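Only the shape, not the letters, is given here:
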């Protein structure tokens, strides 16, 4: 194992991942990658502890992994930290995928441990093939140049000392040194994108290029250098082109027109303020003769003047956060008024732009008017499945600043009844079995 140890220690030293005296928290699942990482840390004499997460997603197999990693820590005579999660419940309450839930839970646990126990860094066992998968995932989903460097060796105090090895090299070291580990059965499923790339796509690419891992390693290094070059160029432009007046950011239009390439460089200049690529394209088309136009990000507004663009913090008007509806009548909610009335006859039209009819027996008073919140979802009228409001707004091409001004009518059980002026919820529709009907009308 001498050559593997040298490659490992040289990589840590050359990338300055940590100092020999530092205490490192290793995240160990029990698989071959993380067990090899723990074994190398022990053989190299580094100061470390082991942390393991039981996500309770694979029944007895999850418990087997927990016992294996605990025994490994005991054999290596290092501290062991364990956290057991109800991942399925967390994913359901947060309305996110199981994969995303597991990621959020484990990194929150690791960061909490790092602070509490004063670990210098957190080490995860990604190798070169993981970097390839990450790069391909970024390309499939869409990425800027920052997504082309794969996985960074050191970011936000999380280090990846196994990036010096390919998957084949990890396998060879483990086999040669008879290192015991446990196999996660979910790794054999191509249900998830990363597994599909690993099991189906990358083997086909390796048929075209048997040296794929080395090629990608060189490409990733090249992309990282390009990113550094771009960042240096943007930093220079910021120092020369951006001025501050009365707390607002200004860039002269002739300076913007002189940028080459304009879309890329202007996007990078404005990225800290949250403006997206489509807005940058629209802004560039408006530079000649578009004075007075405005562009909004989540926190900023960009005003286009004749001679410059100016970016300032977006000051939302003073608003009431929510209003409660307890009975029939009219209710004021900022710039809107909601009318609530009984209906005696079955309506000819179940919805219009500014009104809906609802089965009153499904309502739980008091109802509530509020604005969109992260994680909101509903069952759009006429559809079978549920949809996130954020996705609905995107499909409706509703600008960011407008979606924060749309009243949302919410039932007493927190279910959404109506995205006012846009779409009601299928669960509250009126049908021939409805005995009591209420209509809601929204007016400016």
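Happy to help now that I have it. Source: prediction; values computed, not measured.

what's the average pLDDT for the helix or strand hosting residue 5?
Per DSSP states H and E, residue 5 falls inside helix 2-14. Helix 2-14 comes out with an average pLDDT of 91.

The helix or strand following it - which strands sit beside it in the sheet, and in what orientation?
Using DSSP H and E, the next helix or strand after helix 2-14 towards the C-terminus is strand 23-27. Applying DSSP bridges to the sheet, strand 23-27 is found paired with strand 47-54 (parallel), strand 121-123 (parallel).

chain center to strand 23-27: distance?
25 Å (C-alpha atoms, centre = their mean, to the nearest Å).

how far away is residue 107 from residue 84?
16 Å (C-beta to C-beta, to the nearest Å). All C-beta atoms are positioned from the backbone trio N, CA, C, and that covers glycine.

Likewise for residue 128?
Residue 128 is 32 Å from residue 84, by C-beta to C-beta.

Neighbour count for those two, which is higher?
residue 128 (24 against 13; other C-beta atoms under 10 Å).

The more buried one against residue 216, yeah?
Yes - the pair residue 128 / residue 216 is scored as a contact, 7.4 Å apart, by C-beta atoms under 8 Å.

Tell me what angle the helix or strand harbouring residue 36 forms with strand 23-27.
Assigned by DSSP H and E, residue 36 falls within helix 32-43. When axes from the mean of the first three to the mean of the last three C-alpha atoms, to 10 degrees is applied, the directions of helix 32-43 and strand 23-27 differ by 160 degrees.

Residues touching helix 32-43, excluding its own?
1, 4-5, 8, 24, 26-28, 48, 50, 72, 76, 78, 123-127, 161-162, 170-171, 173-174, 177, 179-181 (C-beta atoms under 8 Å, 6 or more residues apart in numbering).

Please verify my assumption that residue 301 contacts residue 311.
Yes - at 7.4 Å, residue 301 counts as touching residue 311 under the criterion of C-beta under 8 Å.

count of residues packed around the closest residue to residue 186 other than its chain neighbours?
Of all residues beyond its chain neighbours, the one nearest residue 186 is residue 58 (6.7 Å), with distances taken as C-beta to C-beta, 6 or more residues apart in numbering. Residue 58 has 14 neighbours, counted by other C-beta under 10 Å.

which residues touch residue 58?
Residue 58 neighbours (C-beta under 8 Å, 6+ apart): 184-186.

can you do 10 Å?
64-65, 184-186 (C-beta atoms under 10 Å, 6 or more residues apart in numbering).

picking that back up, need the strands paired with strand 23-27 in CSV (columns: distance to residue 390 and mean pLDDT).
Formatted as CSV, the strands paired with strand 23-27 follow (distance: least, C-beta to C-beta, whole Å; pLDDT from 0 to 100):
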stretch, distance to residue 390, mean pLDDT
strand 47-54, 28, 97
strand 121-123, 31, 97
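
mind checking which of these is nearest residue 370?
For these, the distance to residue 370 is smallest for strand 47-54, at 35.3 Å, taking C-beta to C-beta.
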